[in-house]
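K.L.:
here is my input; please provide its structure:
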Amino acid sequence: MPADLPTITLNNGVEMPQLGFGVFQVPDDETTAAVTAALEAGYRSIDTAAAYQNEAGVGKALADSGIDRSDLFVTTKLWNADQGYDETLKAFERSRSLLGLEYVDLYLIHWPAPALGKYVDSWRALEKLTTDGLVRAIGVSNFQPSHLDKLAETASIVPAVNQIELHPYLQQAEVRAYDEEHGIATEAWSPLAKGGSLLGEPVVQAIAERLGRTAAQVVLRWHLQLGTIVIPKSVTPARIAENLDAFGFELTDADLAELAKLERDERTGPHPDEFNVA
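P.N.:
You can find the predicted model right below:
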């Protein structure tokens, strides 16, 4: 990894960049350009998913970049409709083929989809992928403590990562505490929330003005100082580069206390207990 990108050491010893680039809702035909811009800006961690339908676009950007594979960290995710042991193995092969990679750095179960009742079987498949050397680390996304407890009843590998919706409007204290207690790294999706209202918050604006930073950089810095992994998304090259520039400054304890007051328990996405779309 480039020396200037901080990493988080996962519970199996694998190092993951703490700041990466997400491609949620980026059309496949725009994804290659967006990922190329991210790689040129200095990102080395790219987060996609089967459900995003842009793994091929990601793969093309990676192949065209000329960057050594060992310097890249690629995450993709298993969709709900593909849960189940055999189905998971097949879905992984599809993703790996679209990405054009010999291995994936991190493979996540995208949602617990508890009503489907298949995530435990999917986890067994992820463990096999690890054993077979096709995945360097495995984890989950959108799992609540109850889902993680059920997984732990039969799992032989503890998830390395739990990727959840996380931002100052939804600070997920309970999930973050559970993850920390069990050695699971927390990763934030939708780190800036949606619609821009968070970035317009007076407290965020005031901190940004004092530090000579953008509102987005302030919120990303909040994530980094929490110790979470964060994957902002943009298709605008200037903003892609700007989001990576969340280093070289610190939020004070007073700043963090003020940002903590923004908690609203407000989700931009569905609740994991209720989302079972296949």
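K.L.:
which residue ranges of the chain form helices?
P.N.:
Along the chain, the segments classed as helices by DSSP state H run 28-41, 55-65, 85-99, 119-131, 145-152, 173-181, 202-211, 215-226, 237-244, 253-260.
K.L.:
what packs against the first one?
P.N.:
In terms of contacts (3 or more Cβ pairs under 8 Å, 6 or more residues apart in numbering; DSSP states H and E), helix 28-41 is packed against strand 21-22, strand 45-47, helix 55-65, helix 237-244. Every residue, glycine included, has its C-beta placed from N, CA and C.
K.L.:
send me the last one as CSV with only the CA atoms.
P.N.:
What follows is the C-alpha trace of helix 237-244 in CSV, where atoms were taken according to Å, rounded to 0.1, in the frame of the first residue of the first chain:
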residue,chain,number,x,y,z
PRO,A,237,-12.7,13.8,-10.2
ALA,A,238,-12.2,17.0,-8.1
ARG,A,239,-14.4,15.7,-5.4
ILE,A,240,-12.9,12.2,-5.5
ALA,A,241,-9.4,13.8,-4.9
GLU,A,242,-10.9,16.2,-2.2
ASN,A,243,-12.4,13.3,-0.3
LEU,A,244,-9.0,11.6,-0.1
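K.L.:
most distant residue from the middle of this structure?
P.N.:
Residue farthest from the centre of the chain, counting by Cα atoms, centre = their mean, is Arg210 at 29.2 Å.
K.L.:
need the pLDDT of that one.
P.N.:
In this model, Arg210 is scored at 98, pLDDT.
K.L.:
how close does it sit to Val204?
P.N.:
Going from Arg210 to Val204 by Cβ to Cβ, to the nearest Å gives 11 Å.
K.L.:
highest average neighbour count across the helices of the chain?
P.N.:
When the helices of the chain are scored by mean count of other Cβ atoms under 10 Å, the highest mean neighbour count falls to helix 215-226 (a mean of 22).
K.L.:
who are the packing partners of that one?
P.N.:
In terms of contacts (3+ Cβ pairs under 8 Å, 6+ apart), helix 215-226 is packed against helix 202-211, strand 229-230, helix 237-244, helix 253-260.
K.L.:
what are the contacting residues of the first one?
P.N.:
Going back to what we said before, that points to helix 202-211. Helix 202-211 is contacted by residues 168, 198-199, 213-215, 217-219, 249, 251, 255, 258-259, 261-262 when judged by Cβ atoms under 8 Å, 6 or more residues apart in numbering.
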